[in-house]
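Q: just need the structure, nothing else, for what follows:
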Amino acid sequence: MRKGHLKRMKIPSAIKSLVAVLCLCAKVNSAGHAQGNVILNGSFADGGGSYTNWNVSWNNLMFAGGPWITPGGPNSNFNYYAGQSVGYETSLGLSQSVATTPGTIYAVSFWGLADYDAQYPGYLGFNVNFGNSGVGVTVQGWYEYHFVTTAINTTTIFRAGATADIGSVYGITGISITETPEPRGLALAALGTLLLGLGCKQKLVLGV
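A: Predicted structure coming up:
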């Protein structure tokens, strides 16, 4: 019986070059969209708890000083921004302008608190918007909300606004807005990774 032997299959240099180019393009594309949270002070922790970088407005809140910031929220890692109403025309507004890239998709997430008075459960209106998309904060207690939107302008405003009845409490924290990778970038990265695997794998063929 003849012993088999192993031999290496050579990878054409053209494929190796293509692999290198695709991987470089994928890396550049990913780096160009690898931004972190574009919201500043999203958990109101700056300076030990502050409205730094935020525009705040209110009317008819329980405390004359307006809404408050306090540790806690959904977990001990957060400070949160909250207000409690004392009248039927209570309103609370929070906003921040964010630099955005038109046509880019942004993922928005935050923790919202809706704790409304049981006597007037339908009167609490708490909405969060970024650009043309948004959600209503309707779940009693703390709940994590998510939505996506496509930027139209170079500046997009994040807004959180509440209108409530007597005794209702509302809060928000953990606000995050991040760019999502473009589909073509993901496809390019996947193709580059696939070809890289093919190019780097040393195929062994059993000969007789």
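Q: now do the helices in the chain.
A: Using DSSP state H, the helices assigned to the chain run over residues 13-32, 183-200.
Q: partner residues bridging the nearest residue to A45 once chain neighbours are set aside?
A: The shortest distance from A45 to any non-neighbouring residue, by CB to CB, 6 or more residues apart in numbering, is to N79 (5.1 Å). The way it works is simple: take the backbone N, C-alpha and C, and place the C-beta from them, glycine included. Counting by DSSP bridges, N79 is bridged to P71.
Q: what pLDDT does N79 get?
A: Here the pLDDT value assigned to N79 is 82.
Q: just checking, it touches T52?
A: No - the pair N79 / T52 is not scored as a contact, 11.6 Å apart, by CB atoms under 8 Å.
Q: returning to that earlier point: next, count neighbours for the residue nearest to A45.
A: 20 (other CB atoms under 10 Å).
Q: which pLDDT value belongs to E179?
A: In this model, E179 is scored at 96, pLDDT.
Q: check P71 too.
A: On pLDDT, P71 comes in at 84.
Q: quick one: contacts for it?
A: 49, 78-79 (CB atoms under 8 Å, 6 or more residues apart in numbering).
Q: can you redo those residues as TSV with distance to N41?
A: Shown next, in TSV, are the contacts of P71 (distance: CB to CB, whole Å):
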residue	distance to N41
G49	10
F78	12
N79	9
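Q: and these, which is closest to T180?
A: Taking CB to CB as the measure, F78 is the one of the contacts of P71 closest to T180, at 23.8 Å.
Q: pretty sure that closest one is touching W111, no?
A: Yes - if you go by CB under 8 Å, F78 and W111 touch, sitting 7.1 Å apart.
Q: where do the contact lists of these two overlap?
A: Counting by CB under 8 Å, 6+ apart, the shared contacts of F78 and W111 are 173-174.
Q: now do the strands in this protein.
A: Counting by DSSP state E, residue ranges of the strands within the chain are 5-8, 55-59, 68-72, 78-84, 90-99, 105-115, 125-130, 133-136, 141-150, 155-164, 169-179, 204-207.
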